[in-house]
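Undergrad: model the following, please.
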Amino acid sequence: MSYVTATAQLMCPFGDVGGPLMVTSQQKMLIDGKPVATIQDAAPMANIPTMGMCKNPANPQVAAATAAALGVLTPQPCIPATSSWIPGNKASRIIGGKPALSNECKCMCAYGGVISIAFPGQTKVN
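TA: Numbering: from 1, shown residues only. Just a heads-up that it's a prediction; the model follows:
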(Lines give C-alpha, C1' and ligand atoms only; values in the text may rest on other atoms or scores of the structure.)
Protein backbone atom coordinates (compact mmCIF):
# COMPACT_ATOMS: atom_id res chain seq x y z
CA MET A 1 0.00 0.00 0.00
CA SER A 2 1.18 3.50 -0.81
CA TYR A 3 -0.17 6.74 0.55
CA VAL A 4 -1.38 9.31 -1.94
CA THR A 5 0.28 12.71 -2.05
CA ALA A 6 -0.28 15.98 -3.88
CA THR A 7 0.31 15.58 -7.62
CA ALA A 8 -0.80 11.93 -7.61
CA GLN A 9 -2.18 11.00 -11.03
CA LEU A 10 -5.86 10.10 -11.26
CA MET A 11 -7.72 8.26 -14.02
CA CYS A 12 -11.33 7.77 -15.03
CA PRO A 13 -12.27 5.08 -17.57
CA PHE A 14 -14.61 7.55 -19.32
CA GLY A 15 -12.08 10.42 -19.55
CA ASP A 16 -9.48 10.70 -22.28
CA VAL A 17 -6.67 11.98 -20.03
CA GLY A 18 -5.65 11.67 -16.39
CA GLY A 19 -5.10 14.54 -14.02
CA PRO A 20 -3.25 15.48 -10.83
CA LEU A 21 -4.89 15.34 -7.40
CA MET A 22 -4.81 18.60 -5.46
CA VAL A 23 -4.52 18.18 -1.69
CA THR A 24 -6.37 20.83 0.32
CA SER A 25 -7.47 18.89 3.43
CA GLN A 26 -4.15 19.24 5.27
CA GLN A 27 -0.62 20.56 4.75
CA LYS A 28 1.32 19.26 7.79
CA MET A 29 1.88 15.54 7.09
CA LEU A 30 4.33 15.21 4.20
CA ILE A 31 5.83 12.34 2.20
CA ASP A 32 8.57 13.15 -0.29
CA GLY A 33 7.98 16.82 0.62
CA LYS A 34 4.35 16.70 -0.58
CA PRO A 35 1.17 16.83 1.52
CA VAL A 36 -0.53 13.48 2.08
CA ALA A 37 -4.13 13.35 0.81
CA THR A 38 -7.08 12.38 3.00
CA ILE A 39 -10.48 11.05 1.99
CA GLN A 40 -11.77 14.65 2.22
CA ASP A 41 -9.79 15.58 -0.92
CA ALA A 42 -12.72 14.71 -3.20
CA ALA A 43 -14.21 18.05 -4.26
CA PRO A 44 -14.78 18.42 -7.99
CA MET A 45 -12.24 20.76 -9.60
CA ALA A 46 -10.77 21.81 -6.23
CA ASN A 47 -9.27 18.33 -5.67
CA ILE A 48 -10.40 16.16 -8.57
CA PRO A 49 -9.49 17.77 -11.90
CA THR A 50 -11.17 17.43 -15.26
CA MET A 51 -10.24 14.23 -17.08
CA GLY A 52 -10.37 15.83 -20.52
CA MET A 53 -13.38 14.71 -22.54
CA CYS A 54 -16.07 12.47 -21.00
CA LYS A 55 -17.45 9.70 -23.18
CA ASN A 56 -19.98 8.20 -20.76
CA PRO A 57 -23.56 8.35 -22.12
CA ALA A 58 -24.78 8.52 -18.48
CA ASN A 59 -23.39 12.08 -18.40
CA PRO A 60 -26.33 14.35 -19.38
CA GLN A 61 -24.08 16.55 -21.55
CA VAL A 62 -22.75 13.54 -23.46
CA ALA A 63 -26.28 12.11 -23.82
CA ALA A 64 -27.61 15.40 -25.23
CA ALA A 65 -24.72 15.84 -27.67
CA THR A 66 -25.00 12.19 -28.75
CA ALA A 67 -28.75 12.57 -29.35
CA ALA A 68 -28.13 15.74 -31.38
CA ALA A 69 -25.59 13.77 -33.46
CA LEU A 70 -28.25 11.14 -34.24
CA GLY A 71 -26.78 8.53 -31.91
CA VAL A 72 -23.09 9.02 -32.71
CA LEU A 73 -21.22 9.11 -29.37
CA THR A 74 -20.13 12.72 -28.90
CA PRO A 75 -17.75 13.24 -25.94
CA GLN A 76 -18.12 16.43 -23.95
CA PRO A 77 -15.81 18.26 -21.52
CA CYS A 78 -15.41 16.36 -18.26
CA ILE A 79 -16.76 18.18 -15.24
CA PRO A 80 -16.30 15.76 -12.31
CA ALA A 81 -19.34 15.16 -10.11
CA THR A 82 -17.58 13.56 -7.14
CA SER A 83 -18.48 13.53 -3.47
CA SER A 84 -16.23 11.15 -1.53
CA TRP A 85 -13.46 8.58 -1.68
CA ILE A 86 -14.17 4.98 -0.78
CA PRO A 87 -11.40 3.84 1.55
CA GLY A 88 -9.39 0.94 0.23
CA ASN A 89 -7.57 -0.05 3.40
CA LYS A 90 -9.21 -0.09 6.82
CA ALA A 91 -5.77 0.17 8.48
CA SER A 92 -5.14 3.57 6.92
CA ARG A 93 -3.34 6.20 8.97
CA ILE A 94 -5.41 9.01 10.50
CA ILE A 95 -4.26 12.54 9.67
CA GLY A 96 -5.98 15.40 11.49
CA GLY A 97 -8.94 13.15 12.30
CA LYS A 98 -9.35 12.02 8.68
CA PRO A 99 -8.26 8.72 7.09
CA ALA A 100 -5.30 9.09 4.74
CA LEU A 101 -5.88 8.27 1.09
CA SER A 102 -4.17 5.11 -0.13
CA ASN A 103 -3.57 3.95 -3.68
CA GLU A 104 -6.39 1.41 -3.19
CA CYS A 105 -9.10 4.07 -2.74
CA LYS A 106 -11.69 4.88 -5.40
CA CYS A 107 -13.82 7.99 -5.96
CA MET A 108 -17.23 7.69 -7.56
CA CYS A 109 -18.50 10.19 -10.13
CA ALA A 110 -22.26 10.74 -10.28
CA TYR A 111 -22.06 10.10 -14.04
CA GLY A 112 -20.84 6.53 -13.56
CA GLY A 113 -17.09 6.92 -13.61
CA VAL A 114 -14.87 5.33 -10.98
CA ILE A 115 -11.81 7.49 -10.45
CA SER A 116 -8.74 5.52 -9.47
CA ILE A 117 -5.18 6.39 -8.55
CA ALA A 118 -2.81 5.59 -11.41
CA PHE A 119 0.29 6.90 -9.58
CA PRO A 120 0.11 7.73 -5.84
CA GLY A 121 2.82 10.40 -5.87
CA GLN A 122 4.76 8.60 -3.14
CA THR A 123 8.06 7.37 -4.50
CA LYS A 124 9.52 6.00 -1.24
CA VAL A 125 7.81 3.12 0.55
CA ASN A 126 7.91 3.50 4.33
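
Undergrad: helices of the chain, residue ranges please.
TA: Remark: helices assigned in the chain by DSSP state H are 60-68.

Undergrad: poorly predicted segments of it, please.
TA: 88-91, 124-126 (pLDDT under 70).

Undergrad: quick check: beta-bridge partners of residue 38?
TA: Using DSSP bridges, the bridge partners assigned to residue 38 are residue 100.

Undergrad: residues near residue 5, how many?
TA: If you count neighbours by other CB atoms under 10 Å, residue 5 ends up with 23. From N, CA and C alone the C-beta is placed, and that goes for glycine too.

Undergrad: tell me the contacts of it?
TA: Residues near residue 5 by CB atoms under 8 Å, 6 or more residues apart in numbering: 23, 30-32, 34-37, 120-122.

Undergrad: distance of it relative to residue 28?
TA: Distance of residue 5 to residue 28, computed by CB to CB, to the nearest Å: 13 Å.

Undergrad: what is in contact with the two at once?
TA: In contact with both residue 5 and residue 28: residue 35, using CB under 8 Å, 6+ apart.

Undergrad: residue contacts, the spatially closest residue to residue 123 that is not a sequence neighbour?
TA: Spatial nearest neighbour of residue 123, excluding adjacent residues (CB to CB, 6 or more residues apart in numbering): residue 32 at 5.6 Å. Applying CB under 8 Å, 6+ apart, one finds that residue 32 lies in contact with 5, 121-124.
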